[in-house]
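Student: Build the 3D model from these lines:
(chains A, B and C)
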Amino acid sequence: MIKIKIDQDKCKGCLLCVNFCPRGLIKKSPKLNKQGLNFVEFDLQGDCSGCLQCAVICPDCCIEVYKSE
Amino acid sequence: MEKIFKRCQSLSDLPMHYCPGCGHGIAHRLVAEAVDELGVREETIGVAPVGCAVVAYDYWNFDCSEAAHGRALAVATAIKRVHPQKLVFTYQGDGDLAAIGTNETIHAANRGENLSVIFINNAVYGMTGGQLAPTTLLGQKTSTSVDGRQKQLHGYPLKISEILAALPGVYYVERVSLESPAGVLKAKRAVKQAFQNQLNNLGFSLVEVLSPCPTYWGLSPQAALQWIKDVMQKEFPVGRIK
Amino acid sequence: MKILLSGNEAIAQGALAAGCDFYAGYPITPQNELIAYMAKHMGAGTKRSPGPSRIFVQAESELAAISMVYGAAAAGARAMTSSSSPGISLMQEGISYLAGARLPAVIVNIMRGGPGLGNIAPSQADYFQATRGGGHGDYHLIVLAPASVQEAYDLTQTAFDLADKYRIPVMILGDGILGQMMEPMQLSVQKIKTAPVKKWALTGCRGRKPNIIKSFFMREGGLEQANLKLQQSYESIKQAQIRFEGLFLSDAEIVVVAYGTMARIAKGAINRLRGAGKKIGLLRPIGLWPFPQKPFQSKARRLKYLVVEMSYGQMLEDVRLAVEGRHPVEFLGRSGGGVPSEEEIIGRLQRML
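Tutor: Residues are numbered from 1 along each chain as shown, chains lettered A, B, ... in the order given. Okay, the predicted model is just below:
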């Protein structure tokens, strides 16, 4: 199982990860973070392949990727 | 649980002040990752520019100096000469490196200083509000080229990397682009190469990074990446120059 | 044993004696003997390999030279540059950054005529620039003004120590005559000094938190706090670092105030008048910033001052500030390469008596 964790307070909602996720597992949240920006959320039910595209393109380094058995 | 992608040690935990979708954050991370992968965080001295990345030292977790606008390579020359065993690099924007600091840039390169340069080209002055840069494209509108850059008035986009590559003192020049995750990975390899060259005493290395400035291009972050691919790369082709 | 050196060479020799291990400069007359002397005695500098510990770089401009000094100082070296008036104008950017980042460095200005390209004749017309800060922002340099080749050598060593002690750029302010004139001088036999350990310097962050060298403080109130600390440092310098020479002050009715080469010439005039029984004294500020104010607080009822400069009156303002209207202050000066002679000074003093 692969999961990503998004630091929602560092996220500026640029949506690059949303656009690059090949499986569409990241979505813009209707909620606002401390910066007053719509952050993004990961679909915990989704089948993430761990391609890392979201983490690699994130300009704010707010995505961590985990692998669990 | 095993982390397969995480914030690296050379990147501090501070949230960055850049606009959404700005390429500086990616480039900062690539520098930090390259330093960590080479295992030289405690042997690294960075020189930050004047411009949007002026407080880059807050986002890195190693020794750093500020430099006056354009003077980063003069400052770095001295630091490296005093500490020849350290990894010394500059991080500079297009205005810093290719307008106000052209003299310092060319002469440090021509002396073959054993330094690494990370050159962020976003075709605009970001910090001051989106003015014409030496690398602004023909036709590109900025706050000081309101009808777009015109060759008769403003000259041509300055290809400083190609100019530097012609100097015998320069060992390595590569242009990379942050237009996609694949581009980012290539950029990281180039940054690491520039650092490795210095550790191998091979001389002056420069990586030009085509980097998005969505705010002053008037584009969404995604459209800015597309613009790099469709427009900017035509004028500034990516790949190894030297 | 005495040796014969020019002022420019003596400053260079003083820097070597003080353990200066980084020099960057750009040629300009009348200080070229200084850069040449450093090139000859510093070694080629390291680039690809660990080599000699002293580094000489001929920079591509004064802007680059002062920024190299900034980088070397940030890296913990004892760093120096030298130039002359138009070149020092270019260096003001870097000098302001040195002051803001609290970096120690020594900057030598062998003054020539201005404004603009001026000429290459001796001058003292950069006094304002040197003592008021020179570049942008709220700062000062320590400014030392030697009047002989020996003093140029000695004060250059002092300059490095003061720079490190207070983390401040220090300027040696001379003129074309001092720079080019040769005199016998004594090399002090003291051991070559080494710079003190600088915990703030950039050396790689092994075993400690990263060091940052900067003059940029964006957080609200941050710059005010930093500037306040600078001012506190300046106050302690004002308390401890006052330098002047007084001659025949106890019974003087007229005190000539002059510094550097001008004081040498004034001394000749004063000695001749003393020989004729005239009560003339000399007050020679050796430190121009901080300016020696106390010696001007004389309670003598009949006392006049004559300020003599190779300019149209710059130190004059500091003298007037120090005298605070208690006594008349007159001025004799020439500019653009003109140097007031002993005869001119004597003539003026005789009219004042």
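
Student: which residues in chain B form strands?
Tutor: With strands called from DSSP state E, chain B shows them at B:2-5, B:44-48, B:63-66, B:87-93, B:116-121, B:170-177, B:204-210, B:239-240.

Student: Give me the helices and strands touching the longest one, please.
Tutor: Secondary structure elements in contact with strand B:170-177, counted by 3 or more CB pairs under 8 Å, 6 or more residues apart in numbering or on different chains; DSSP states H and E, are helix B:160-165, helix B:181-199, strand B:204-210, strand B:239-240. Heads up, the C-betas are built off the backbone N, CA and C, glycines and all.

Student: Just want the angle from that strand to strand B:204-210.
Tutor: Strand B:170-177 and strand B:204-210 are oriented at 10 degrees to each other (axes from the mean of the first three to the mean of the last three CA atoms, to 10 degrees).

Student: need the residues of chain B near chain A, please.
Tutor: Neighbours of chain A within chain B, by CB under 8 Å from any CB of the partner chain: B:1-7, B:11, B:15-16, B:18-26, B:29, B:180-181, B:184-185, B:214, B:220-222, B:225.

Student: one step back: mind checking the strands of chain B for the one nearest to C:L90?
Tutor: When the strands of chain B are compared for distance to C:L90 using CB to CB, the nearest one is strand B:63-66, at 19.5 Å.

Student: Off-centre distance for the closest one?
Tutor: Relative to the chain's own centre, strand B:63-66 is displaced by 16 Å; criterion: CA atoms, centre = their mean, to the nearest Å.

Student: same question, stretch C:252-263
Tutor: Relative to the chain's own centre, stretch C:252-263 is displaced by 18 Å; criterion: CA atoms, centre = their mean.

Student: go on, stretch B:80-88?
Tutor: Its chain's C-alpha centre and that of stretch B:80-88 lie 20 Å apart, by CA atoms, centre = their mean.

Student: How about stretch C:285-301?
Tutor: Relative to its chain's centre, stretch C:285-301 lies at 18 Å (CA atoms, centre = their mean).

Student: likewise stretch C:248-263?
Tutor: 20 Å.

Student: list the buried ones in it?
Tutor: Of the residues in stretch C:248-263, those buried under the neighbour-count criterion (16 or more other CB atoms under 10 Å in any protein chain shown) are C:F248, C:A252, C:I254, C:V255, C:V256, C:V257, C:A258, C:Y259, C:G260, C:T261, C:M262, C:A263.

Student: which residues touch B:E113?
Tutor: Neighbouring residues of B:E113 by CB atoms under 8 Å, 6 or more residues apart in numbering or on different chains: B:L73, B:A76, B:T77, B:K80, B:G169, B:G203, B:F204, C:K47.

Student: Count the residues that sit near residue 39.
Tutor: Here I'm looking at chain A. Each residue near A:F39 was counted by other CB atoms under 10 Å in any protein chain shown, and the total is 20.

Student: The chain in question should be chain C.
Tutor: Using other CB under 10 Å, the number of residues around C:A39 comes to 17.

Student: so of the buried residues of stretch C:248-263, which ones are in strands?
Tutor: Among the buried residues of stretch C:248-263, the subset assigned to strands under DSSP E consists of C:I254, C:V255, C:V256, C:V257.

Student: Using CSV, please lay out these together with pLDDT.
Tutor: Formatted as CSV, the entries for these read as follows, by pLDDT from 0 to 100:
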residue, pLDDT
C:I254, 98
C:V255, 98
C:V256, 98
C:V257, 98
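
Student: Looking at these, which one is closest to chain A?
Tutor: Of all these, C:V257 has the smallest distance to chain A: 60.9 Å, by CB to the nearest CB.

Student: Local confidence estimate at C:G277?
Tutor: In this model, C:G277 is scored at 96, pLDDT.

Student: Okay, and it sits in which element?
Tutor: C:G277 belongs to no helix or strand when assigned by DSSP states H and E.

Student: need the contact list for it.
Tutor: By CB under 8 Å, 6+ apart, C:G277 has no neighbours at all.

Student: Give me the buried entries from the residues of chain B next to chain A.
Tutor: B:5, B:7, B:11, B:15-16, B:18-26, B:29, B:180-181, B:184, B:214, B:220-222, B:225.

Student: C:L273 contacts C:I346, doesn't it?
Tutor: Yes. Using CB atoms under 8 Å, C:L273 and C:I346 qualify as a contacting pair, with a distance of 6.2 Å.

Student: what's the farthest-apart pair in the buried residues of stretch C:248-263?
Tutor: With distances taken as CB to CB, the most widely separated pair in these is C:A252 and C:T261, at 21.6 Å.

Student: just to revisit the earlier point, would you turn the buried residues of stretch C:248-263 into TSV with distance to C:A65?
Tutor: Written out in TSV, the entries for these read as follows (distance: CB to CB, whole Å):
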residue	distance to C:A65
C:F248	42
C:A252	43
C:I254	43
C:V255	39
C:V256	36
C:V257	33
C:A258	30
C:Y259	26
C:G260	23
C:T261	25
C:M262	28
C:A263	29
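
Student: Now tabulate the helices and strands packed on strand B:170-177 in TSV and tack on mean pLDDT.
Tutor: Supplementary listing: the helices and strands packed on strand B:170-177 in TSV, determined by pLDDT from 0 to 100:
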stretch	mean pLDDT
helix B:160-165	98
helix B:181-199	98
strand B:204-210	98
strand B:239-240	98
